[in-house]
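Q: have a look at this prediction, sequence included:
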Amino acid sequence: MVSQEQRRRQLAREKFLRQQQRRTEARRKGRLRNSVIASVLGVVVIGSVALYTTGVLKDDDGKKTDASAQVTPSAPPTSKAPDPCAKPAAGSVKKLSWKKEPAMTVDTSADYTLKLATTCGDIGIALKTSAAPHTVNSFDFLAGQGYFDHTKCHRLTTKDIYVLQCGDPQGTGSGGPGYTLPDENLEDKSLKNNTYPAGTVAMANTGQKHTGGSQFFLVYKDSPLPPSYTPFGTIDAAGMKVLNKIAAAGENTGGGDGAPNATVVIDKATVAKS
């Protein structure tokens with residue numbers, strides 16, 4: 001007989017997988033819309049076609065949806081808890097994109113750390129270089145380019161799964177670096193019973209294999225998820241305190257999945273060899 005707890009975890013996993021499927025469909029539609037835009041460039045368009053094209057440019061900012069897109073659900077905002085975080089540092093997000101994964105430059109036998117200096121406090125992450133070399137190498141490259149600087153953490157889940165999602169320069173869940181990464185370390189010994197334990201840092205993806213990009217999530221409480229998301233780091237004790245502070249402020253839909261009420265902005269991301 002299936003216990004209530006097992007049933008709850010099963011429903012949570014099914015819900016998360018449905019969300020991933022919807023995001024994949026949104027990405028497919030985004031590519032279709034952009035191909036429509038490309039076909040009408042330079043042509044005088046009237047009537048409903050013109051209105052449709054204008055709407056696409058407004059929604060997508062005229063850019064192709066990245067293969068590693070993660071769509072953040074939207075809902076009418078509810079009353080917010082007090083913001084526990086400071087104002088973002090001066091600066092703006094860089095608009096960067098590359099056609100292919102960067103060449104391997106990290107030393108896979110060495111230890112690396114990722115520091116996220118956020119408006120809510122510093123989050124230190126010990127990276128799993130040897131187990132997830134492509135992922136760590138990509139973060140080293142992107143951080144060195146200032147890719148994550150001034151970006152918002154756009155998604156907080158507070159029901160069924162417990163994660164803060166970051167790494168999208170667009171702040172919408174649809175952005176990425178232009179390339180995708182292979183799945184890695186899916187047999188990590190920490191992933192027991194289809195659960196990502198608190199303190200895990202893992203890659204977001206579209207629900208399909210090998211579709212990670214720049215978006216990642218930080219787990220602040222044990223979360224029932226299938227082992228489909230590359231775990232590549234572990235959050236330090238000080239970082240967990242910051243993460244729990246962000247989670248305590250809640251998210252803006254009241255439904256357990258939306259933008260965090262806290263102003264979570266990565267002022268600076270730095271990867272260092274220890």
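A: Looks like it came in fine.

Q: the helices in this structure, which residues?
A: Ranges of helices in the chain, per DSSP state H, are 4-40, 47-60, 133-144, 237-248.

Q: going by mean pLDDT, which of those helices comes out lowest?
A: Looking at the helices of the chain, the lowest mean pLDDT belongs to helix 47-60 (a mean of 31).

Q: pLDDT weak spots in the chain?
A: For the chain, applying pLDDT under 70 flags the ranges 1-15, 17-81.

Q: spatially central, which residue of it would that be?
A: In the chain, the residue lying closest to the centroid (CA atoms, centre = their mean) is residue 215, at 3.1 Å.

Q: ok, that one touching residue 168?
A: Yes. Judged on CB atoms under 8 Å, residue 215 makes contact with residue 168 at a distance of 5.2 Å. C-beta coordinates here come from the backbone N, C-alpha and C atoms, glycine included.

Q: distance of the residue nearest to residue 86 when sequence neighbours are not counted from residue 259?
A: The shortest distance from residue 86 to any non-neighbouring residue, by CB to CB, 6 or more residues apart in numbering, is to residue 119 (4.9 Å). Distance of residue 119 to residue 259, given as CB to CB, to the nearest Å: 14 Å.

Q: next: residue 93.
A: 16 Å.

Q: who has more neighbours out of these two?
A: With neighbours defined as other CB atoms under 10 Å, residue 93 and residue 259 compare such that residue 259 has more, 22 against 19.

Q: tally of neighbours for the nearest residue to that one once chain neighbours are set aside?
A: Distance criterion CB to CB, 6+ apart; nearest residue to residue 259, sequence neighbours excluded, is residue 252 at 4.9 Å. Using other CB under 10 Å, residue 252 has 19 neighbouring residues.

Q: wouldn't residue 252 be in contact with residue 258 here?
A: Yes. Under the criterion of CB under 8 Å, residue 252 makes contact with residue 258 at 4.7 Å.

Q: the residue lying closest to residue 92 once chain neighbours are set aside: neighbour count?
A: Nearest non-adjacent residue to residue 92, counting by CB to CB, 6+ apart: residue 150, 5.8 Å away. If you count neighbours by other CB under 10 Å, residue 150 ends up with 19.

Q: all strands of the stretch 101-250 of the chain, in order?
A: Counting by DSSP state E, counting those that start in this stretch, the stretch 101-250 of the chain has strands at residues 112-118, 121-127, 151-152, 155-157, 163-166, 195-196, 200-203, 216-219, 223-224, 231-235.

Q: residue 272: which of those strands is closest?
A: Across these, residue 272 has its closest neighbour in strand 112-118 (5.4 Å, CB to CB).

Q: tally of neighbours for residue 274?
A: 8.

Q: same check on residue 240?
A: Neighbour number of residue 240 under other CB under 10 Å is 18.

Q: likewise residue 250?
A: 19.

Q: next: residue 249.
A: Neighbours of residue 249 (other CB under 10 Å): 21.
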